[in-house]
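*Asks:* Just need the structure, nothing else, for what follows:
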Amino acid sequence: MVLLRQLLGDVLRQLRLRQGRTLREVSAAARVSLGYLSEVERGQKEASSELLSSICKALGVPLSHVLRDVADQLALAELQHEPVMAGAPEHERITAESIPETPEEITGELRADMVAA
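*Replies:* Numbering: from 1, shown residues only. The predicted model follows:
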């Protein structure tokens with residue numbers, strides 16, 4: 001089972017590391033203890049919306065961006081573990097082979113569907 005707090009922690013850690021920042025720097029800017037931020041990044045603590053907002057502000061990233069990344073990763077994880085519409089006819093089933101590998105591929109497919117409609 002995929003835990004939302006683990007995906008959220010992974011996204012926050014990736015953002016921080018891409019910026020070349022330390023836990024200490026981000027925790028000071030977000031006004032949260034270093035240990036608590038570490039636990040959030042490791043998926044051991046559930047962060048409140050206020051805390052998430054503060055961390056995102058410290059990272060200079062909109063909360064909506066972080067939540068979108070988490071939602072994309074959660075969708076992929078769900079599809080990889082369990083086929084959607086398992087009772088549907090074979091040609092309508094979503095399988096691991098039909099799952100886009102990156103969030104960018106998902107976005108591209110959604111845009112293509114919107115244009116087609």
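*Asks:* Residue 56 and residue 67 touch, don't they?
*Replies:* No. With contact defined as C-beta atoms under 8 Å, residue 56 does not reach residue 67; the gap is 9.2 Å. All C-beta spots, glycine's among them, are computed from the backbone N, C-alpha and C.
*Asks:* So for these two, which residue has more residues nearby?
*Replies:* residue 56 (19 against 14; other C-beta atoms under 10 Å).
*Asks:* The more buried one: what secondary structure?
*Replies:* Following DSSP: H, G, I helix; E, B strand; the rest coil, residue 56 is assigned to helix.
*Asks:* any idea how far residue 76 is from the nearest residue to residue 6 once chain neighbours are set aside?
*Replies:* Leaving aside its sequence neighbours, residue 6 sits nearest to residue 43 (C-beta to C-beta, 6 or more residues apart in numbering; 3.3 Å). To residue 76, residue 43 is 17 Å away according to C-beta to C-beta, to the nearest Å.
*Asks:* Quickly note the distance from residue 9 to residue 73.
*Replies:* Counting by C-beta to C-beta, the gap between residue 9 and residue 73 amounts to 11 Å.
*Asks:* more crowded one of those two?
*Replies:* Per other C-beta under 10 Å, whichever of residue 9 and residue 73 has more neighbours is residue 9, with 22 against 18.
*Asks:* Run through the residues that contact that one.
*Replies:* Going by C-beta atoms under 8 Å, 6 or more residues apart in numbering, residue 9 touches 40-44.
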